[in-house]
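> This is a predicted model, with the sequence first.
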Amino acid sequence: MSFLIPRQYPATRLRRMRKDDFSRRLMRESSLSPNDLILPVFVLEGEQRREAVASMPGVERMSLDLLLEEARDVSALGIPALALFPVIDAQHKSEFAEEAYNAGGLVQRSVRALKESLPELGVITDVALDPYTVHGQDGILDSQGYVQNDRTVETLLKQALSHAEAGADVVAPSDMMDGRIGAIRRILEQEQLHNTRIMAYSAKYASRYYGPFRDAVGSAGNLGKADKTTYQMDPANSDEAVHEVALDLAEGADMVMVKPGMPYLDVVRRIKQELAVPTFAYQVSGEYAMHMAAFENGWLDADSVILESLMCFKRAGADGILTYFAKRAAQLLNQ
């Protein structure tokens, strides 16, 4: 229990400590540095290929050779890790997402190249089937179009294992299937991959903020008018998020994720306060797109708002933030 000491004006003037920069810095409760940032990146097949993502100004899909150059810049800025998302060609998509666990697949090759080139840069891989399915859902469908939980988990653990064997530092299941963290942890232990970390997307909401991301990975057209409400969380719920996180921790997650970010900072706060575990949040594509629209129209000042938005995550309790602003923010913080 905390106790507030009764304080009254004018003996207490809270503006005193705000008067000068030095005293504002001394009492600052939260801090932000490049160490808090993770850059999501999109990789595609080919060489010397760049494709702009129309709904995410400034974000590009890159072939692996260009991604390696980007990764060097990321590392030089002091950003600890990047999160890898694949753009899968249509001919490799299927009902059962077999390409997801292909040892010679785009993600697996990218991981090996990144770890060979920059062994100290953390590589986080997305464990989910939606880039690989013809229907854009995160799992294997039954005859009625319902995502089958246990059948999907069988494929997810193959995918996670293939990423770990390629050298991924962190596998990040973002699918929201029940029991997949335990299944993945067991296969990693069985294969002596004890130090492969699991970042569980434990509280991933069925949000409308994901639209630009689905454009970026090419799953929007496959998904069509369908949604993911039968497995992603209801935006109205908070207690459920705490249960989801607790389950994933019990099954072997090392870190947990809340997604989206800023509209869900109350959930970040609850998880950090109630469970006291490494907690991450994702400033998702829709949040990025809204900010960029305001910047490009001159409605908001870009540099100051980027840093303010990221500081909000830290104030809420996030240990790290996945953000498309990671490079720009790191450059500003390093000045």
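Right, received. Where do you want to start?
> Now for H194: which residues touch it?
L188 (Cβ atoms under 8 Å, 6 or more residues apart in numbering). Bear in mind the C-beta positions are built from the backbone N, C-alpha and C, glycine included.
> Tell me the buried residues in the longest helix seen in the chain?
Criterion DSSP state H: the longest helix present in the chain is helix 149-166. By neighbour count on 16 or more other Cβ atoms under 10 Å, the buried set for helix 149-166 is 149, 152-153, 155-166.
> now it: mean pLDDT?
Across helix 149-166, pLDDT averages out at 98.
> Repeat that for stretch 138-145.
pLDDT averaged over stretch 138-145 gives 95.
> what does it rub up against?
95-97, 128-130, 133, 135, 147-149, 151-152, 155, 174-177, 226, 228, 231.
> same check, this time on stretch 90-107
Contacts for stretch 90-107 (Cβ under 8 Å, 6+ apart): 43-45, 64, 84, 86-88, 108, 125-126, 129, 131-135, 140-141, 155, 158-159, 161-163, 165-166, 222.
> From the chain's centroid, how far away is that stretch?
21 Å (Cα atoms, centre = their mean, to the nearest Å).
> now do stretch 74-82
With Cα atoms, centre = their mean, you get 15 Å for stretch 74-82.
> buried stuff in it?
Quick answer for stretch 74-82 (16+ other Cβ under 10 Å): V74, S75, L77, I79, P80, A81, L82.
> hmm, which two among those are most spread apart?
With Cβ to Cβ as the measure, no two of the buried residues of stretch 74-82 lie farther apart than L77 and A81, at 12.0 Å.
> from the chain's centre, how far out does stretch 21-40 sit?
For stretch 21-40, the distance to the chain centre is 20 Å (Cα atoms, centre = their mean).
> brain fart, stretch 82-96
17 Å.
> begin at 37 from here
Sure, I'll start numbering at 37, so the last one becomes stretch 118-132.
> Quick one: mean pLDDT over it.
Per-residue scores along stretch 118-132 average to 96.
> Could you export it as CSV, CA atoms only?
Provided in CSV are the C-alpha atoms of stretch 118-132 (Å, rounded to 0.1, in the frame of the first residue of the first chain):
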residue,chain,number,x,y,z
LEU,A,118,15.0,-6.2,-35.6
ALA,A,119,11.7,-8.2,-36.2
LEU,A,120,11.6,-10.0,-39.5
PHE,A,121,8.4,-10.3,-41.5
PRO,A,122,8.2,-12.0,-44.9
VAL,A,123,6.5,-11.1,-48.1
ILE,A,124,5.6,-14.5,-49.6
ASP,A,125,5.1,-14.9,-53.3
ALA,A,126,1.6,-16.2,-54.3
GLN,A,127,3.0,-19.5,-55.7
HIS,A,128,4.3,-20.4,-52.2
LYS,A,129,0.9,-19.8,-50.5
SER,A,130,-1.3,-22.8,-49.8
GLU,A,131,-4.1,-24.1,-47.6
PHE,A,132,-1.7,-25.7,-45.1
